[in-house]
Structure formats: structure tokens, C-alpha cells
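Engineer: how would this look folded up:
(chains A and B)
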Amino acid sequence: MRHLLAIGDLERADIERIMERTEGFAEVGRRDIKKVPTLRGRTIVSLFYESSTRTSSSFELAAKRLSADVVSVKAAGSSVDKGESLKDTIATLGAYGPEAIVIRSPHAGAADLVARWSDAAVINAGDGKHEHPTQALLDVYTLRRRLGSLEGKRIWIVGDVLHSRVARSNVQAFQMMGAEVTVCGPPTLIPRDIERALGCAVSYELDGLEEADVVYALRMQRERMGESFVPSIREYAAKYQIDSRRLSPRQLLMHPGPVNRGVELSGEVIDGPNSLITEQVESGLVVRMAILYELLTGGRPRPGERASDSDDVTDPTPIKEPA
Amino acid sequence: MSEARRISSLDWRGTGGRGGELVIRGASVLDPCAGIDGNHDIVIAGGEIAEIAAPGSAEGRGEVLEAEGKQVFPAFFDPHVHLRVPGDEDEEDIETGTRAAAAGGYCGVLAMANTTPPVDSAADVLALRERASDEASVPTGFLATVTRGLDGAELTEMAELREAGAAGFSDDGLPISNARLMRRALQYQHLVGANIALHEEDHDLSRPAGAHAPHLGGVMHEGLVSAALGLAGVPSVSESTMIARDAALAAYEDARVHVQHLSARESVEAVATAKEAGVRITCEATPHHLVLTDEEVRSLDSRFKMNPPLRSEDDRQALIDALRSGVIDCVATDHAPHAAEEKEVPFEEAAMGVTGLETAFAVLHSELVLPGVLDLGVLVERMGAGAAAFDLEPPSLAPGSEANVVLFDPEADWEAGADGWESKSDNSCFAGRRLRGRVLATVVAGQVVYRQRSFAMGIA
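Structural biologist: Presented below is the predicted three-dimensional model:
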């Protein structure tokens, strides 16, 4: 794997390999000293054009736990703020010789462009409403830990699918791992033709939710009201909020965060026994360590070196498997 | 309706009919409207087609183009280009844009008025006409805006603009959203005469975030691919509902309209319905909408971003059928040059528009004619028919017509853009594509205005 730009670029075997690698890093997280020298001397640039708490902090911590040097650039207060184009910013940051660039952008395809303009391995940390592949991978990891396998599981993704990059990546990743996915939300927030585009089922109502093994709620942004996608938060919550009445004890609950309490989820289910929300955050760290490892040492030559030399550069298995 | 004028009466730097004699020898000549289809010699004198003679019979007293194995058609006319003057001369100017036109086999173009600032005063029109008479390789007409400053609120002084030589009117780039204003413009057309070209787009439908975020318009066709990519969609009905509105207004006011760049099946149906009802409506389609679909956007390559957007395969088939049947009157390129920095950005941020003059005929020849989808004669007719909508004589090879002629090598196999472009900009959605057939020479009013580099020219 050269870059991680979209779930659609991956094969099931790629996901399986990253999952196995993640298990190894989870073991590191249980040690007293949670740091390994794997990426010592490597530079990773983290470029965030949108505000983010968990994605940016978990990438930064993941890189540090692998002993990489991290340069974090946020759009606010940087030259981006002064009108510098993405292309020029990438050229500027390229002067540091980064081996990986993690990019979050409000625009679809930004990570693809960076991959074209830079020699670094590029990780898409969310591009517009297009994809958020690391979120999908951490969600697959979280579910596998709980369920063993996603094969044949029924997953409902509920909420604003139209504006959700998480939904687009997760539908693909869950299906690739054998799950059956239904997207559910108000008709105004379900993209036309999504059944044919992604191969999922569509429901405009929560009737039938009881079939789900996993309920994955999406964040409902308040600005959608002003755009007439839904008439009111009240009506949205009445029709689509996941609460203890609608969630049965055998169902697992997920959410990409940050949660609007009392909108898409009621308080009691967020903190309830079905909720995997905290585990998702924990998984985010180890999955991102595995992804950085995969891209920076996964048989890819370092700049200036031939592919056949790559085995001499890095030991591909420096981490002990968990006991 | 005004009487049709010759294309060379538009402004350009040619001498307009005072050229010497030119013979094109031995070509396969095709002009279905003039009933010409076969091997002939063409004798051009005094800027007109003097004679369509038996092959080998014409004796040249002036220049001779040896054209055995080549094809000759009436030259093409593009009623929809952007020359970016004034204001964006870094992207295109009259000289480069019309050179691109000549290289594409065009004997005339109409330039849109959505420049910076827009062309909305008689002084603007006169200044552009003067520049064209110095710089334009092919006759160039300038449209003026329908509304002042493209504000969509007040009509321009359309009568004075027409007297200054505006070739027509258009707010292209923007729809005339206000139905009252649209109706006034159509009423006023009875005084002014010239046609009104319409960019049909209901912004309430094509800008999904609405007034909440008016800048967040749709960036591609709303459908399966936009659902997969998470890009804001421009639904087909944002075009077709406006066409239906304006066709109804034109019928009510007994006015005429020309609909620009049809992109959707629903739009074809709206125009067909209006035509059946006798509405004076004409319309155009672009080569990119006739050849490409929204599947191209999966690459997120900004070269595939334009407005209206590339639509589905079903829409494309509807456009081809309509071009064949005549519901779509003509091909127009919507040649829209953009600077590299406006395109080297994420798809959603990129400027809308693609160049098209230099590839139009070769693309349609390669993708529609050679596979047997569209008859060559039909395509040739549609490549020139846009002139009629703006009261100009469509190019013709009938003796006595103005000698607007294109010489075409149907066997040429070339890569679009490999030799560079005549246009200042390179935002072609066909760059890198292998094309079959290439324009070798373009003749306007008897003058050779373009010769393809490798094409040798003999003097008798």
C-alpha cells in the first residue's frame, strides 16, 4: 500500500492485514512504556484544514508512539489562512522531506491531489463529504474485537448520510468485511441513487431497526435545519433518535463523535452498556499506528531507494505479537 | 427576425471577400444542405464558392490545396465561446481564442459577455469589435448581457447595444432567475430583434444549501456518482424546469430563445415539447456532454468540472438522439479557458469550464461518427447551424455562398494536446485522448486562416 486515500482502493486482504497489525500495536498500549522505536527519524506532517479533536490528536499520538517526528499544521493561523494554495503548501512542507502526510480537508479529493504532488505516503483523514477511511478501519477493528467477525452481521447507519464521509467509507468497509448495511435517515438526507452507488439498503424510517446487530448513529449538524433538510431538531429526534426504547440489549451502538446529546442519541444509550463509543476512540489510536506502520514500512522503498532494498531498511516485524 | 448576414460581416482581421483564387483539388466534398456529396474540385474566387467542379477539372490560377483522400465540409460556427476579454487575458484573448477556433475548423464564433467587467454597454461592444478587427483570426461576434453587470435585476440598454453591434444577448454563466425580468427581455426583443441565449439553471435547485450557503453550489451531476463521492449535486431538473418556464414565456410573448448547453434528458424533452408546440426555440449541446459522462468525475480530476455538469449515460444518449433528430439544432463548445491555478485545486474548489474549440469536431468524429452512432452529414450540418440562431448564414458549399470551408483528414491519428494548444489555456477534458481525424486547413471568406503544421501547401 502506497497511500490510504479511500476504502474503495482497498481489498479485503488489506483490511485483514491492517487489523492483524493493529492487534500487535494494542499490545504496546498495555505496556508501561507505550513507545516503540519503529519510525525513529521519520517525519510525519499532519495537515488539518478542518477542526478535529480525535482524528488529529490520535494521529499525532500514534506517530509519537512510533517515535516519528511530527509537524502539525492547522489551517487557522498558518499560511493557508493567508490564501496559500494547497499545492504551494504541499511544496513548502515538502522541504522537510516528510515520509507521510496526514491530511484533513473540507474538499473531496484533496488527499488524492496531495498524493499526486508529493513523494510522501498520504493518509486521508477526511476529505469533504467523500471518505474517512481511517474512521472506517477503526470501526471495523472495534467491531471485530467485540463480534469476532462482521460476516453476515446487519449494520444500520442512521442519520445525515448525505453529508457524511463516515457513512460513505463505513458502508464500503463493512460490506467488504461481509456485513449487510442499511442506511437510514430522512429522505432529504439520503443521497439519490445511493443504493446503486454503494450497494446498501435504504430505509426512511427506524421500523425494522430491530434486525440490526449494530446501530451506527451519525452526527446531526444543526446547520442542516437552516437549509431545510429537516424542519426541526425536535422532529428529527422524534423520528430518528436512538434511545433505550429503540435500542435492544443485544444491539451494539456506535458513533463517530462528537455526539450531540439528545439529538441523534439519547444520553442513556451513550453511556449505556451497548455503547462502543469509547472503544472506538481507543481503537482510533492503535489503528492509526498500524496504518502509519503499514504505509511507512510496508515494503515500500524510502525516497531514493529501490524497492528491492527496502527489506534492508526496516525490519518488517519489530513488534512482538500479543501474548 | 432580422435578415441573415454573412459570417464575415462579423469583426475579424481578414479582408472579407477580396481574397484571390483558391482551388481545393480532389477532395471528398460533403454538404448535405447543399446536396453535395462526392469527389470534386472546389474553386473559390472573390471570397465565394465559384464552382464545384469534376475532380481534376479545375485549373488553379492562384493557390491550390491538394486534397486527395481528404474531406471538405462547410466550416463550423460556434455560437458559444468565452474569449475572456476584458479582464482575464491571462486565460485567453481574442487572438489566441480565435486562433484556437481556426485550428478547430471554425469560420466564426460568438463570444459570451460574462467577462470582468461584463459586456453591458455600447462602449464595451464597440471596443471589443475594434479589437477583433485587429486581432481575430476568424469573424467574431460579441454578445452583450441581458442584465446590467449580470446582476439579474435590471435590463441592459438592449436597443443601443444592438445598434452598437451586439450579436445577441446572454447572461451566460448565470440564469435569469427572475421570471418577470425574463418576460420583459422577451417583450423588448420585439424592438431589439436579436436572439437571447439562455443558461438554464434554477439556483434554488442547483445550490443545495440554499441561502444558508449560497456559494456552496452543486459541483457535479446529481446521481449515482455524486452519491458515491459525497459531492453536492446539480439535479437535471434544475435545468429542465427553467427551460420549460422560458419556453412558456417565449410562447406567450411570441419571442424567440436559444437554450445553451443542454445536458439532461429532461431538458431534451422540454425543448422537444416546446418545438412541437411551435415555440421559437433553438438549442445547442457541447462535445463534452455528447461524449463524456459523470463517471469521469470519479477521478476527481477538475478537468471534468463544468457547468452544466457531465451527466449520466442515459442523458448522453438522449442528447445524441436529439442531435440526430434535430431537437438539438447545433453543436457549441462552451470553450471556457481557465488558468492552471484555478484548476489545480480540489474538485469542489476548481473553476467550472473546459476548452473545446480545437478538439470539437475531431472528438465527435472519433466518438460518434466512426463508431456509427451519428451520420457524418448530420454532424457537419449541426456544426454550422448555430449561425442561423443568431441571424447569420450557416456555412455552405453551394456556389455563390461565402467560401467558409474546412479541409479535414479523416485518417489522421493524433493525441489531443500533444503538440500544445493554440488556446492560452490547457484545461481540455480531452487532453491525452487519441483522436481520429484532424482539421488540416480552415478557409474563411476565401482566405486560408489556418493550416495544420504538417500539412504541406502547394502553389500552382
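
Engineer: next up, the contacts around the spatially closest residue to A:Gly178 that is not a sequence neighbour.
Structural biologist: Residue nearest to A:Gly178 in three dimensions, not counting chain neighbours: A:Glu151, with 3.7 Å by CB to CB, 6 or more residues apart in numbering or on different chains. In this view, the C-beta of every residue, glycine as well, is placed from N, C-alpha and C. A:Glu151 makes contact with A:177-179, according to CB atoms under 8 Å, 6 or more residues apart in numbering or on different chains.

Engineer: what does chain A have sitting close to chain B?
Structural biologist: Counting by CB under 8 Å from any CB of the partner chain, the residues of chain A lying close to chain B are A:85-87, A:105-110, A:112-113, A:127-131, A:163-165, A:168, A:191-194, A:196-198, A:223, A:226-228.

Engineer: whichever of those end up buried, select them in PyMOL.
Structural biologist: One line in PyMOL is enough to select the buried ones among these; burial here means 16 or more other CB atoms under 10 Å in any protein chain shown:
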select buried, chain A and resi 86+87+105+107+108+109+110+112+113+127+128+129+130+131+163+164+165+168+191+192+193+194+197+198+227
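
Engineer: among the residues of chain A next to chain B, which lie within helices?
Structural biologist: Among those, the members falling in helices (DSSP state H) are A:86-87, A:110, A:112-113, A:165, A:168, A:194, A:196-198, A:223, A:226.

Engineer: now for the residues you listed, which pair is the farthest apart?
Structural biologist: Greatest spatial distance among those (CB to CB): A:Lys87 and A:Arg196, at 34.4 Å.

Engineer: please, which helix or strand holds A:Lys134?
Structural biologist: Careful, residue A:134 is Thr and not Lys. helix A:133-147 (DSSP states H and E).

Engineer: would you mark the buried spots in that helix?
Structural biologist: Result for helix A:133-147 [16+ other CB under 10 Å]: buried residues A:133-145.

Engineer: looks to me like the residue nearest to A:Gly178 is in a helix.
Structural biologist: No: per DSSP: H, G, I helix; E, B strand; the rest coil, A:Glu151 lies outside any helix segment and is coil.

Engineer: what's the per-residue pLDDT of A:Gly226 here?
Structural biologist: On the pLDDT scale, A:Gly226 is placed at 72.

Engineer: so where is the stretch 51-200 of chain A shaky, pLDDT-wise?
Structural biologist: A:77-81 (pLDDT under 70).

Engineer: next one: chain B
Structural biologist: In chain B (pLDDT under 70), the answer is B:1-2, B:16-19, B:60, B:209-216, B:456-460.

Engineer: who in it is up against chain A?
Structural biologist: Residues of chain B lying near chain A (CB under 8 Å from any CB): B:208-210, B:212-213, B:222-233, B:235, B:300, B:341, B:344-349.

Engineer: go again with 6 Å.
Structural biologist: Within chain B, the positions near chain A by CB under 6 Å from any CB of the partner chain are B:209-210, B:212, B:222-224, B:227-231, B:300, B:344, B:346-349.

Engineer: restricted to strands, list those.
Structural biologist: The members of those all map outside strands under DSSP state E.

Engineer: from these, which ones fall inside helices?
Structural biologist: B:224, B:227-229.

Engineer: now these in a markdown table, with neighbour count?
Structural biologist: What follows is these, written out as a markdown table (neighbours: other CB atoms under 10 Å in any protein chain shown):
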| residue | neighbour count |
| --- | --- |
| B:Leu224 | 19 |
| B:Ala227 | 22 |
| B:Ala228 | 22 |
| B:Leu229 | 28 |
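
Engineer: which parts of the chain belong to which domain?
Structural biologist: No chain in the question, so chain A it is. Structural domains annotated on chain A: A:7-132+A:283-303, A:133-279, as defined by automatic domain parsing.

Engineer: oops, chain B please
Structural biologist: According to automatic domain parsing, the domains of chain B span B:7-72+B:402-459, B:75-389.

Engineer: out of these, flag the one nearest A:Ser244.
Structural biologist: domain B:75-389 (31.7 Å).

Engineer: all helices in the chain, in order from the N-terminus.
Structural biologist: Just so you know, I chose chain A. A:12-29, A:54-65, A:86-94, A:110-117, A:133-147, A:165-176, A:194-198, A:223-226, A:233-240, A:267-270, A:277-297, A:310-313.

Engineer: hm, I was asking about chain B
Structural biologist: B:94-103, B:122-135, B:158-163, B:179-192, B:203-206, B:224-229, B:237-253, B:265-276, B:287-291, B:313-325, B:340-343, B:360-364, B:376-384, B:386-389.

Engineer: can you list those in TSV and add distance to A:Tyr293?
Structural biologist: TSV is the format used below for the helices of chain B (distance: least, CB to CB, whole Å):
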stretch	distance to A:Tyr293
helix B:94-103	51
helix B:122-135	60
helix B:158-163	67
helix B:179-192	61
helix B:203-206	44
helix B:224-229	29
helix B:237-253	47
helix B:265-276	50
helix B:287-291	44
helix B:313-325	42
helix B:340-343	36
helix B:360-364	47
helix B:376-384	57
helix B:386-389	59
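
Engineer: and the residues of chain B next to chain A, which are buried?
Structural biologist: B:209, B:222-224, B:227-231, B:300, B:344, B:346-349.

Engineer: in the stretch 351-460 of chain B, which residue sits nearest chain A?
Structural biologist: Scanning the stretch 351-460 of chain B for the residue nearest chain A gives B:Ala351, at 13.0 Å (criterion: CB to the nearest CB).
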